[in-house]
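Chemist: Model the structure of this input:
(one chain, ligands or ions: 1)
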Amino acid sequence: MPLATLADMPGPERAGRVKRVSILGSTGSIGCNTVDLLQRNPQAYEVVALTANRDVAALARQARSLQAEVAVIADDSLYPALKEALAGSGVEAAAGKGALDEAAARPCDWLMAAIIGYAGLGPTLAAIRQGHVVALANKESLVCAGDLFMNEARHHGARLLPVDSEHNAIYQVLDFDRPERIERITLTASGGPFRTLRREAMARVTPEQAVAHPNWRMGAKISVDSATMMNKGLEVIEAYHLFPVEVEQLDILVHPQSVIHSMVSYVDGSVLAQLGSPDMRTPIAYTLAWPDRIDTPAERLDLARLGQLTFEAPDEERFPALALARRALREGGSVPVVLNAANEEAVAAFLAGSIGFLNIAEIVARSLDAFSPGAPDSLEDVAEIDRQARRVAQDFIAAGK
Ligand code: NDP
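Modeler: This is a model prediction of the structure:
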């Protein structure tokens, strides 16, 4: 069992006043859904910081509309463009990685961590070190830095609220006071766009087909992760760090309708689940209002109209990423860092048209085999292993061309 989980974190404080909020990755899919919720109830929130990587136009539009204190663009070559786009708005413009960390550390009541990938680790940690309430969408932070990340959160008194719909569901139904009464946690998985596709046919799928998720509209990287089912593998690692259970207590169940978002089974045979239409505004709103609840425009669940919910076991032969992620979790140490780095590189190469869909898991597998670094003792170690693993994966990608 991990050393620190959500069971060790502080409770809520200060309800019922204007909330000061920040969004890291505000221009992405999670970020835009969060902005949508803020715009529906503007008098309830004051926006401190919004950040993006390169999308100056969207960032400036959001910052003007929400009257943010500061807007940060990670790519510092775009600082002049952001400054110009914000001229006369009263919103401060900033750029670069240091500015991102500084914005994440600004005092606020709630912060959404929704940068994609390993790039989110540093700014999310900067927020955690201020003891913020952090709504955590950036699962890659936990995959790469698991124990170190959770220990930092505990040490600084930060409160993590999981945004991933599965982990948010578990958070809502898990009895943190009696972890010994939990038998299993079942993460549901839609199965992605290729759930029923034969493996031979998967070899020919295009990036456009891979990002066309049947139930969720998400950013390109997580959509490809859903198609390979690496996303579910990353989520198993995420769940292991968030919840007080052992690796063997974490199951995956394919549920194509994405209505049951996950379940917790208890020793008396009870199974508690959280259900809802597949709309990320529901879990985001849960974290935004926590421990209260707020209204969202998410479509209400109509089970009679749906008629039936179906389930099947995951197929680890057609989706080898599942076993790779389990291997990384079992072996621990630096192996999850390598898994994540190789996957990010392979997904980027697939989206760029450089490799085929099936090569993604192959490159991750070969990177895991090629790599035997020791366990990271510090976040600097994690950064170094991430760098090395990316180079190894890039070599495999180049060799495969
Ligand atoms: P998107 O790709 O849609 O958005 C990513 C955001 O991060 C954008 O604001 C982007 O800016 C910014 N960004 C990208 N690269 C960098 C960088 N190097 N430095 C700083 N900022 C950067 O991602 P999603 O919203 O889909 O996913 C965000 C996180 O949430 C991921 O960790 C994902 O796994 C998780 N998640 C997402 C779900 C979803 O429904 N989308 C569901 C559950 C979890 P720009 O727009 O300028 O590129």
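Chemist: Who are the contact partners of Leu187?
Modeler: Contact partners of Leu187, counting by Cβ atoms under 8 Å, 6 or more residues apart in numbering, are 166, 170, 232, 235-236, 239, 250-253, 262. In short, each C-beta sits where N, CA and C put it, glycine included.
Chemist: Can you report how many residues neighbour Cys247?
Modeler: If you look again at residue 247, you'll see it is Val, not Cys. By other Cβ atoms under 10 Å, the residues close to Val247 number 15.
Chemist: got it, and Arg154?
Modeler: Look at Arg154: counted by other Cβ under 10 Å, it has 18 neighbours.
Chemist: Drop anything exposed from the contacts of Leu187.
Modeler: 166, 170, 232, 235-236, 239, 250-253, 262 (16 or more other Cβ atoms under 10 Å).
Chemist: Out of these, which sit inside helices?
Modeler: Using DSSP state H, 166, 170, 232, 235-236, 239 are the members of the buried ones among the contacts of Leu187 that sit in helices.
Chemist: Show me which positions of stretch 295-312 end up buried.
Modeler: 296, 298.
Chemist: contacting residues around it?
Modeler: Residues from elsewhere that reach stretch 295-312 (Cβ under 8 Å, 6+ apart): 37, 40, 191, 253-257, 259-260, 275-277, 279, 281-282, 285.
Chemist: Stretch 346-354 now?
Modeler: 207, 210-211, 220-221, 224-225, 355-357, 359-361, 363-364, 393, 397, 401.
Chemist: Kindly recompute the last result at 6 Å.
Modeler: The contact list for stretch 346-354, computed with Cβ atoms under 6 Å, 6 or more residues apart in numbering, reads 207, 220-221, 224, 355, 360, 363, 397.
Chemist: same deal with stretch 223-236?
Modeler: 139, 143, 166, 187, 189, 192-194, 210-211, 213, 222, 250, 252, 319, 321-322, 325, 343, 347, 360-361.
Chemist: next one: stretch 136-150
Modeler: Contacts to stretch 136-150, defined as Cβ under 6 Å, 6+ apart, come from residues 3-4, 30, 113-115, 117-118, 120-121, 124, 160, 162-164, 234, 237-238, 241, 336-337, 340, 382.
Chemist: Which of those fall in helices?
Modeler: Using DSSP H, the members of the contacts of stretch 136-150 that fall in helices are 30, 121, 124, 234, 237-238, 241, 336-337, 340, 382.
Chemist: what subset of those residues is also close to the ligand?
Modeler: Residues of the ones in helices among the contacts of stretch 136-150 in contact with the ligand (Cβ under 6 Å from any ligand atom): Ile30.
Chemist: Am I right that Leu329 is in a helix?
Modeler: Yes: under DSSP: H, G, I helix; E, B strand; the rest coil, Leu329 falls within a helix.
Chemist: ok, now how distant is it from Ser378?
Modeler: Look at Leu329 and Ser378: by Cβ to Cβ, to the nearest Å, they are 21 Å apart.
Chemist: Could you list the buried residues of stretch 182-198?
Modeler: Buried residues in stretch 182-198, counted by 16+ other Cβ under 10 Å: 182, 185-195, 197.
Chemist: Can you tell me which of the contacts of stretch 136-150 are buried?
Modeler: Looks like these have 4, 30, 113-115, 117-118, 120-121, 124, 160, 162-164, 234, 237-238, 241, 336-337, 340, 382 buried, using 16+ other Cβ under 10 Å.
Chemist: if we can go back for a sec, of the ones in helices among the buried ones among the contacts of Leu187, closest to Arg129?
Modeler: Nearest to Arg129 among these, counting by Cβ to Cβ, is Ala239 at 23.7 Å.
Chemist: In contact with the residue lying closest to that closest one once chain neighbours are set aside, which residues?
Modeler: Among residues not flanking Ala239 along the chain, Leu250 sits closest, at 5.6 Å (Cβ to Cβ, 6 or more residues apart in numbering). Counting by Cβ under 6 Å, 6+ apart, Leu250 touches 185, 236, 239.
Chemist: Also Ile23?
Modeler: Each residue near Ile23 by Cβ under 6 Å, 6+ apart is listed here: 31, 34, 50, 112.
Chemist: tell me the SS of Leu309?
Modeler: coil.
Chemist: Please work out how many residues are found near the one residue in the chain that gets nearest to the ligand.
Modeler: At 1.9 Å from the ligand, Gly28 is the closest residue in the chain, using Cβ to the nearest ligand atom. Using other Cβ under 10 Å, Gly28 has 24 neighbouring residues.
Chemist: swap in the one 4 residues further on?
Modeler: Cys32 has 18 neighbouring residues, counting by other Cβ under 10 Å.
Chemist: which phi and psi does the residue lying closest to the residue of the chain closest to the ligand once chain neighbours are set aside have?
Modeler: The shortest distance from Gly28 to any non-neighbouring residue, by Cβ to Cβ, 6+ apart, is to Gly219 (5.2 Å). With angles defined as degrees, to the nearest 10, Gly219 sits at phi -60, psi 160.
Chemist: Quick check: Gly219 touching Ser29?
Modeler: Yes: at 4.6 Å, Gly219 counts as touching Ser29 under the criterion of Cβ atoms under 6 Å.
Chemist: For Val267, state which of the contacts of Leu250 is nearest.
Modeler: Ile185 (13.3 Å).
Chemist: Which of the helices or strands spans that closest one?
Modeler: Per DSSP states H and E, Ile185 falls inside strand 182-189.
Chemist: and that strand, is it in reach of the ligand?
Modeler: No: if you take Cβ under 6 Å from any ligand atom as the test, strand 182-189 misses the ligand, and the best it gets is 12.2 Å.
Chemist: Filter the contacts of stretch 223-236 down to the ones in helices?
Modeler: If you go by DSSP H, these have 139, 143, 166, 210-211, 222, 321-322, 325, 343, 347, 360-361 in helices.
Chemist: ok, and of these, which contact the ligand?
Modeler: Applying Cβ under 6 Å from any ligand atom to the ones in helices among the contacts of stretch 223-236, one finds that 139, 222 fall near the ligand.
Chemist: which one of the ones in helices among the contacts of stretch 223-236 has the most neighbours?
Modeler: Within the ones in helices among the contacts of stretch 223-236, most neighbours by other Cβ under 10 Å means Asn343, with 32 neighbours.
Chemist: partners of the strand holding Ile185 in the sheet?
Modeler: The pairing partners recorded for strand 182-189 under DSSP bridges are strand 250-254 (parallel), strand 260-266 (antiparallel).
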